[in-house]
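Enquirer: what follows is a predicted protein model with its sequence.
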Amino acid sequence: MLQPTPIYIVASPRPRVGKTLLARLLIEFFRSAERPLAAYDLNPREPVLAGHFPRLVAPIDIADTRGQMMLFDRLIAEESVTRVIDLGYGPFDQFFTVMAEIGFVREARRRLIEPIVLFVADRAASTVRAYADLRRLLPDASFVPVHNEAVSVTFEKEDFPPTRAQCRMIRMPRLSPIVRGVVDRPNFSFGAYRVATAGGPTEIHAWIGSIFAEFRELELRLLMGKLAASLLRSGAPAWRGREGF
């Protein structure tokens with residue numbers, strides 16, 4: 001069974017909630033696995049992600065039709081390339097409105113591409129409303145809530161239900177202020193740090209390891225979900241564990 005190639009859309013309607021940091025971690029995660037990768041920075045005023053990966057990340061302004069066509073054409077151009085999008089809060093509404101208007105989710109899936117929205121959750125009422133609105137606007141899309149503990153210690157998880165069990169919440173632990181200052185430097189690379197300081201565990205090692213584990217588990221859950229759905233469509237019995245024998 002051919003597996004869909006993911007497009008990870010890192011999103012929030014609010015600024016400074018860790019979207020770019022999450023996109024950086026995704027890129028480093030896929031690079032460590034040597035997967036074909038492309039990334040896009042939709043923050044026209046502050047393309048921070050493109051600054052971290054100038055040879056990999058393409059900054060695109062979707063304020064006009066030309067930019068929108070350029071982006072969405074690239075997203076379905078090559079089915080075998082994993083993609084990461086850092087969606088700035090400015091073009092948030094515009095991006096998802098266009099996505100719905102052109103029927104992007106259906107077309108992407110027809111090409112074996114799976115759009116996955118990693119939505120950074122917090123306690124703000126505007127964020128809760130935006131999540132609910134998006135779920136209504138894109139009922140067929142996959143939504144994975146993300147809890148960045150540096151932004152929001154807690155919130156009502158019921159306000160951010162995942163699309164399905166395989167899309168359950170990703171947790172980003174809080175870093176100490178001093179360490180956060182280090183990883184926010186423009187020249188800091190998570191991958192390079194892991195290689196250069198592989199001899200001993202540090203707060204950064206543990207932090208990267210926990211988040212990479214979350215990414216691996218998400219991808220495994222999505223894979224198993226697709227496999228189970230394929231078996232149901234084919235009429236083959238799904239494996240039920242020991243009790244199924």
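Expert: Ah, there it is.
Enquirer: biggest strand in this structure by residues?
Expert: Longest strand in the chain by number of residues (criterion: DSSP state E): strand 113-121.
Enquirer: tell me how many other residues crowd P161.
Expert: Per other C-beta atoms under 10 Å, the neighbour tally for P161 reads 15. Where C-beta positions appear, they are placed from N, C-alpha and C, glycine not excepted.
Enquirer: actually R135, sorry about that
Expert: In terms of burial, R135 registers 16 neighbours under the definition other C-beta under 10 Å.
Enquirer: distance-wise, check P6 relative to D140.
Expert: Using C-beta to C-beta, to the nearest Å, P6 is found at 15 Å from D140.
Enquirer: the more surrounded of the two?
Expert: P6 (19 against 11).
Enquirer: how much space separates that one from I85?
Expert: From P6 across to I85, the span is 11 Å (C-beta to C-beta).
Enquirer: re earlier: CA atoms of the longest strand of the chain as PDB?
Expert: Listed next in PDB are the C-alpha coordinates belonging to strand 113-121 (Å, rounded to 0.1, in the frame of the first residue of the first chain):
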ATOM      1  CA  ILE A 113      -0.600  13.800  -0.300                       C
ATOM      2  CA  GLU A 114      -1.900  14.300   3.200                       C
ATOM      3  CA  PRO A 115      -2.300  17.900   4.600                       C
ATOM      4  CA  ILE A 116      -1.900  17.900   8.400                       C
ATOM      5  CA  VAL A 117      -2.500  21.000  10.400                       C
ATOM      6  CA  LEU A 118      -0.400  21.300  13.600                       C
ATOM      7  CA  PHE A 119      -2.500  23.900  15.500                       C
ATOM      8  CA  VAL A 120      -0.700  25.500  18.500                       C
ATOM      9  CA  ALA A 121      -3.400  25.800  21.200                       C
END
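Enquirer: how far away from the center of its chain is that strand?
Expert: Shown here is strand 113-121, whose average C-alpha point lies 5 Å from the average C-alpha point of the whole chain (C-alpha atoms, centre = their mean, to the nearest Å).
Enquirer: in its sheet, what does it sit against?
Expert: strand 5-11 (parallel), strand 142-148 (parallel) (DSSP bridges).
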